[in-house]
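> need a 3D model of the following:
(2 chains)
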Amino acid sequence: MTPPAIRLLWCGDTALTVEFGDRIDPVLNAAVLALDARVQAADLPGIVETVPTYRSLTIHLDPLAVDPASLETALLDLAGRPAPIRPPARVWRVPVVYGGAFGIDLDAVAAQHGLCPSAVVERHAAPEYRVVMIGFLPGYAYLDGLDPSLALSRRASPRPTTPAGTISIGGAQALVASIAAPSGWHLLGRTPVRAFLPGRDPVFLFEPGDGIRFVPTDPTRWDELDRAAAAGEPVAEVER
Amino acid sequence: MSARLVVEACTGASSFQDGGRHGYQRQGLSGSGPMDRLALAAANALVGNALGIVALELGLGGGRFRLEGGDLWMALAGAPCALRVDGVPVPDHRAFPLSEGSTLAIDAPRRGVFAYLACAGGFAVPSILGSAALHQRAGLGGLHGRGLRTGDVIDGENASRGELGSFGIPGSLDPLPLETDAPVRVVLGPQADRFTPEAVALFTDAAFAVSHRADRMGIHLDGPALAHGPHGYNIVSDATVLGSVQVPGRGRPIVLMADRQTTGGYPKIATVISADLRRVAQRRPGEAIRFRAIPLAEAFALARERAALTAALPGAVRAHAASAGDRLAGANLAGAAVDAFADPLCDGP
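Numbers count the residues shown, from 1 in each chain, chains lettered A, B, ... in the order given. Below you'll find the model as predicted:
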């Protein structure tokens, strides 16, 4: 496989982005996650924190402790090494109640694709997704692996608010939302899982690189699962 | 019983902020922390605190606070505000004593946006994920995971430790320049190549104005539209940083600030250098803002300069307190307006 073209993009004096490409591609994301692990292991001076995304790793740094040229050299060396796609370290089983009040766009998405709602649920719950980025808001997990037959461009007008735990799709991407926020994506369902819960240990449930499987769940179980999740239970199970 | 402040009134957007929360941007949680880091450090230096400990950030507002259960030294730095203790004016950028039963009134700032109220020993605000800073959107940090409200009671951390006068250094850091006239320096990129060359030139030539959409997440600017290049305005989302100048589809830039979203799908034409973030933060809606591109090496040099200036604050306070004390022994310190330390704080371009 062709090694991706690596670009170093300075973001002012406090961050540097190592960009592997500009598309959604498991090969690029594998390179990002491999570099992330190497940077953390290398213990380079002045690194404050790293942010893996679909296609790039942003390194937040302390400008007082970093020599820009040395950091560039070190990162190019680490980024240029082979990065095979590895299976996820763990796969979460995430309960989802689809449709109805839990996923108000399910029927419309089905209609746009000429499918029945249960077929959309089946196709959405079939793959093992990868968490390729956690960002935007705390705990928002962006997933790769959506069945291409479900891809659908975003809504023309975003909704000013969508509920916590929303399971949605936008373009070729799938998302597990944590807290309530505006969104222009299509809402298929809701999970009681709290990807982000201050006061729980751990506060954040998922890590970039994790696997996710959605488990269609009967609406009658919502209250019980939601209460358990609010009390700090993960509710999502680790499959392996 | 320890000293505590009862919030009798508060206006604007006020929250507790410290040096910020690090290590969770990979989980979508931005660092929060002060909008004006130098002003937070100055407020803390004035009362003898470590520079990054938690203080009350007042955003384009003020308040009235009654002290109960003890005495405290306090100081306010940043945007200049009128202060009164039991109706008697006291200067900002100067430590002042507040005794039990007194009421401190803070007016909205005359200029600028953000002011910091520090108390000797710090406020007792619980730390979560390594910081007491409020991240409003996440409902995390601060007092009860939200901004300050009338009726809140704020405990002083160490207020029971001694008599009035045990804390606080009656020095001056007046004036702490807001630098709102000078251009804001940026390093171009990371996605300047997603704009037409004319748009990049326009970005550093034109005058923009701070719009009314300005908060701790981002400061939206009015002004000429910046045209994206042939690849349009959508990028596959990548990380944002403090000071990212993101340009959505309609071409109006947004400077992303302390509570920003950690990732975004719009190209970022430039990044405000760390030393100039406070210049952006302290500009009010309607005020003009210009940008000047500088090389990366200069941005690093300015970061070092700012760090040296910040580290010198406690010494400047102590030196000023000593000299003012010599000349004005026994006099009312409110009259000791000495500018000896104004010069080192003027770090404009």
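> with adjacent residues omitted, what lies nearest to B:P224?
Of all residues not flanking B:P224 in the chain, B:A206 sits nearest, at 5.0 Å (C-beta to C-beta, 6 or more residues apart in numbering or on different chains). Glycine gets a C-beta too; all of them are placed from N, C-alpha and C.
> can you get me a residue count around the one you found?
Residues near B:A206, counting by other C-beta atoms under 10 Å in any protein chain shown, number 12.
> that one and B:A281: what is the separation?
Using C-beta to C-beta, to the nearest Å, B:A206 is found at 21 Å from B:A281.
> which bits of the stretch 101-250 of chain B sit near chain A?
B:128-129, B:135, B:137-140, B:145, B:186-187, B:189-191, B:235-239, B:241-244 (C-beta under 8 Å from any C-beta of the partner chain).
> among those, name the buried ones.
Among these, those buried by neighbour count (16 or more other C-beta atoms under 10 Å in any protein chain shown) are B:128-129, B:135, B:137-138, B:140, B:145, B:186-187, B:189-191, B:235-239, B:241-244.
> the residue nearest to B:P224 touches B:G223, doesn't it?
Yes - proximity of B:A206 to B:G223 meets the contact threshold set by C-beta atoms under 8 Å, at 5.8 Å.
> what do those two both touch?
Shared contacts of B:A206 and B:G223, defined by C-beta atoms under 8 Å, 6 or more residues apart in numbering or on different chains, are absent.
> gap between the nearest residue to B:A115 once chain neighbours are set aside and chain A?
Nearest residue to B:A115, sequence neighbours excluded (C-beta to C-beta, 6+ apart): B:G78, at 4.1 Å. Relative to chain A, B:G78 is positioned 21 Å away (C-beta to the nearest C-beta, to the nearest Å).
> neighbours around B:G78, how many?
30.
> got it, and A:C116?
A:C116 has 12 neighbours, counted by other C-beta under 10 Å.
> you'd agree it is up against A:D107?
No - counting by C-beta under 8 Å, A:C116 stays clear of A:D107, with 9.4 Å between them.
> the longest helix seen in chain A: what's the following helix or strand?
Secondary structure of chain A per DSSP state H: the longest helix is helix A:26-42. Later in the chain than helix A:26-42, the nearest helix or strand by DSSP states H and E is strand A:47-52.
> which strands or helices does that next one pack on?
Helices and strands touching strand A:47-52, by 3 or more C-beta pairs under 8 Å, 6 or more residues apart in numbering or on different chains; DSSP states H and E, are helix A:26-42, strand A:56-61.
> and it, which strands flank it?
strand A:56-61 (antiparallel) (DSSP bridges).
> so for the strand it pairs with, mean pLDDT?
Averaged over strand A:56-61, pLDDT sits at 98.
> next secondary structure element downstream of it?
Next element after strand A:56-61 (DSSP H and E): helix A:68-79.
> buried stuff in that following helix?
A:68, A:71, A:74-75, A:78-79.
> helix A:26-42 and that one, what's the angle between them?
Relative orientation of helix A:68-79 versus helix A:26-42 (axes from the mean of the first three to the mean of the last three C-alpha atoms, to 10 degrees): 120 degrees.
> report the next helix or strand after helix A:68-79 in sequence order.
strand A:91-98.
> that following strand vs chain B: in contact?
No - between strand A:91-98 and chain B, judged by C-beta under 8 Å from any C-beta, nothing touches; the nearest distance is 15.1 Å.
> quick check: domain ranges of chain A?
Domain segmentation of chain A under automatic domain parsing yields A:7-79, A:91-238.
> would you reformat these as JSON lines and include distance to B:P197?
Shown next, in JSON lines, are the domains of chain A (distance: least, C-beta to C-beta, whole Å):
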{"stretch": "domain A:7-79", "distance to B:P197": "18"}
{"stretch": "domain A:91-238", "distance to B:P197": "30"}
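> B:V200 is nearest to which of these?
The minimum distance between B:V200 and those falls on domain A:7-79, with 15.0 Å, by C-beta to C-beta.
> can you give me the offset of the closest one from its chain's centre?
Distance, stretch centre to chain centre, for domain A:7-79: 18 Å (C-alpha atoms, centre = their mean, to the nearest Å).
> give me the low-pLDDT residue ranges for the stretch 101-250 of chain B?
Along the stretch 101-250 of chain B, the model assigns pLDDT under 70 to residues B:158-175.
> do a quick rundown of the helices in it.
Remark: helices assigned in the stretch 101-250 of chain B by DSSP state H, counting those that start in this stretch are B:197-205.
> doesn't A:L8 make contact with A:E72?
Yes - A:E72 lies in contact with A:L8 (C-beta under 8 Å); the separation is 5.6 Å.
> which neighbours do these two have in common?
A:L16.
> distance-wise, check the residue lying closest to A:S153 once chain neighbours are set aside relative to B:A115.
The shortest distance from A:S153 to any non-neighbouring residue, by C-beta to C-beta, 6+ apart, is to A:G171 (5.9 Å). Applying C-beta to C-beta, one obtains 44 Å for the distance of A:G171 from B:A115.
> show me what contacts residue 11?
I'll assume chain A. A:17, A:58, B:187, B:189-190, B:241, B:244, B:268, B:271.
> look at chain B instead
Contacts of B:T11 by C-beta under 8 Å, 6+ apart are B:61-63, B:108.
> let's see 10 Å
Applying C-beta atoms under 10 Å, 6 or more residues apart in numbering or on different chains to B:T11 gives the contacts B:58-64, B:106-108, B:150.
> which of those residues count as buried?
If we count by 16+ other C-beta under 10 Å, the contacts of B:T11 have these buried: B:58-64, B:106, B:108.
> export those as TSV, with columns for secondary structure.
As requested, the buried ones among the contacts of B:T11 are exported to TSV (DSSP: H, G, I helix; E, B strand; the rest coil):
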residue	secondary structure
B:L58	strand
B:G59	strand
B:L60	coil
B:G61	coil
B:G62	coil
B:G63	strand
B:R64	strand
B:I106	strand
B:A108	coil
